[in-house]
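Asks: fold the following.
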Amino acid sequence: MTTLTIPVFKPAEKLLAELEPAAEQLLNRHLGMAKEWFPHDYIPYALGRDYDKDPWTPDQPRISGVAQIAFEVNLLTEDNLPSYHREIHRMFGAGDGAWLNWVNRWTAEEGRHAIVLRDYLVVTRNIDPYALERGRMNQLQIAYHHDDGGNVLRGLAYVAFQELATRISHRNTGRYSSDPVADRIMTRIASDENLHMIFYRDILSEAIKIDPSAAVHAIADEITDFQMPGAGMVNFTRKAAQIAKSGIYDLRVHHDEVIWPLLNHWGVFELANLDRSAELRREELSRFLGRLDAQASRFEARRAKGADAGAWMPPE
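Replies: Just a heads-up that it's a prediction; the model follows:
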């Protein structure tokens, strides 16, 4: 029987220090590409009315059904920024200089997303504002923690996948809404998320050069355990199922548009000089992806027949 070596990951401080020059280069690239924008420029304030004089009623929204659910999920996800800031500071705060500058810049840019989404929904009366605020309070009290065991590589894999998933979810929500104002807002937010994904994607590319075997373990672990950051909100499974049924974000999107583009960019299945445990983990990942692809096909077939297809969650 072959005895496999349990992967040993570099201490966070050491790996972050090795990646510091790349982080600085990528941060400078990001600052050169990022576009300044202002939430108030996107809000149709002329539609606004006082809630004390004209209370919200269910007949007022211009968007309805799944579009409302998707906007609610996206906003409550963005609302949890305090938790996400804590998490990325925990992941990368052992670094210095560029790492801390990135953490703070990312947080500042993400903060605009909840601002513009809430202003849009409240001014246009597209969602019950009382339910929305109760959801925000609940979401922030639940908070969010990513269980990566202090592994910087897994943290980088998670944020790369999460930013890409969020970009696609936002962009598809805007299109699905059939509201040009909403579509413009979500396009703007999605552009931010894309730049954030590119930073994390490319810094992980540099990490793969340093320790490809450890990176394969981290990427595989993150794919097989991945959860969208909104998973803790009330009735998330039901809401995710409705969002998936609409095609905004489903298993096929997750498999084809999130997982594989990043795996291909990193060349995970072409990496050489892996240790034995990483090679076996990569084989396990390949089998998992095969099951995920098959599950996505079953989901699509059931949806086409009008059957209950379930949520987008990956297989165990």
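Asks: surely residue 271 is in contact with residue 212?
Replies: Yes: look at residue 271 against residue 212 with CB atoms under 8 Å: they come within range, at 5.0 Å. For glycine as for every other residue, the C-beta is placed from the backbone atoms N, C-alpha and C.
Asks: my guess is residue 223 meets residue 287, correct?
Replies: No: counting by CB under 8 Å, residue 223 does not reach residue 287; the two are 11.8 Å apart.
Asks: the two - which one has more neighbours?
Replies: More neighbours surround residue 223 than the other of residue 223 and residue 287, with 22 against 9 (other CB atoms under 10 Å).
Asks: just the strands in this structure please.
Replies: Taking DSSP state E as the criterion, the chain carries no strands.
Asks: where does it dip in pLDDT?
Replies: Residues of the chain that meet the criterion pLDDT under 70 lie in 1-9, 95, 149, 229, 307-316.
Asks: try it again with 90
Replies: Along the chain, the parts satisfying pLDDT under 90 run over 1-13, 62-65, 90-91, 93-97, 139-140, 142-150, 225-237, 273, 303-316.
Asks: buried set for the longest helix seen in the chain?
Replies: The longest helix of the chain (DSSP state H) is helix 180-210. Within helix 180-210, the residues that count as buried by 16 or more other CB atoms under 10 Å are 181-183, 185-186, 188-208.
Asks: next: stretch 150-159.
Replies: 151-159.
Asks: do the same with stretch 278-288
Replies: Of the residues in stretch 278-288, those buried (16+ other CB under 10 Å) are 278, 281-282, 285, 288.
Asks: cool, and stretch 10-29?
Replies: For stretch 10-29, by 16+ other CB under 10 Å, it's 10, 12, 15-16, 18-19, 22-23, 26-27.
Asks: also stretch 93-110?
Replies: Result for stretch 93-110 [16+ other CB under 10 Å]: buried residues 94-95, 98-99, 101-103, 105-107, 109-110.
Asks: now do stretch 74-83
Replies: Neighbour count says stretch 74-83 has 74-81, 83 buried, by 16+ other CB under 10 Å.
Asks: quick one, what contacts residue 233?
Replies: 73, 76-77, 135, 138-139, 142, 239 (CB atoms under 8 Å, 6 or more residues apart in numbering).
Asks: export those to a markdown table and tack on distance to residue 246?
Replies: Output for these, formatted as a markdown table (distance: CB to CB, whole Å):
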| residue | distance to residue 246 |
| --- | --- |
| 73 | 12 |
| 76 | 18 |
| 77 | 17 |
| 135 | 20 |
| 138 | 24 |
| 139 | 22 |
| 142 | 25 |
| 239 | 11 |
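Asks: who wins on neighbours among those residues?
Replies: Within the contacts of residue 233, residue 77 tops the neighbour count with 26 neighbours, counted by other CB under 10 Å.
Asks: follow-up on the earlier one: show me the buried residues of stretch 93-110 that map onto helices.
Replies: Using DSSP H, these in helices are 98-99, 101-103, 105-107, 109-110.
Asks: what is the nearest of these to residue 53?
Replies: residue 110 (33.9 Å; CB to CB).
Asks: mind listing what's buried in stretch 42-60?
Replies: So for stretch 42-60, counting by 16+ other CB under 10 Å, buried means 42-43, 56.
Asks: which other residues reach it?
Replies: 116, 119-120, 123-126, 128-130, 181, 184-185, 188.
Asks: okay, and which of these map to helices?
Replies: 116, 119-120, 123-124, 129-130, 181, 184-185, 188.
Asks: which one of those is nearest to residue 167?
Replies: For the ones in helices among the contacts of stretch 42-60, the nearest to residue 167 is residue 188 (11.5 Å; CB to CB).
Asks: so what's that closest one up against?
Replies: Per CB under 8 Å, 6+ apart, neighbours of residue 188: 37, 42, 116.
Asks: what do you get if the cut-off is 7 Å, keeping everything else the same?
Replies: Contact analysis of residue 188 by CB atoms under 7 Å, 6 or more residues apart in numbering lists 37, 42.
Asks: that one and residue 76, how far apart?
Replies: Note on residue 188: its distance to residue 76, by CB to CB, to the nearest Å, is 19 Å.
Asks: repeat for residue 167
Replies: Applying CB to CB to residue 167 and residue 76 gives a distance of 17 Å.
Asks: same check on residue 118?
Replies: Distance of residue 118 to residue 76, given as CB to CB: 10 Å.
Asks: buried stuff in stretch 62-76?
Replies: By 16+ other CB under 10 Å, the buried positions in stretch 62-76 come out as 63, 66-76.
Asks: chain center to stretch 76-87: distance?
Replies: Between the centre of stretch 76-87 and the centre of its chain there are 11 Å (CA atoms, centre = their mean, to the nearest Å).
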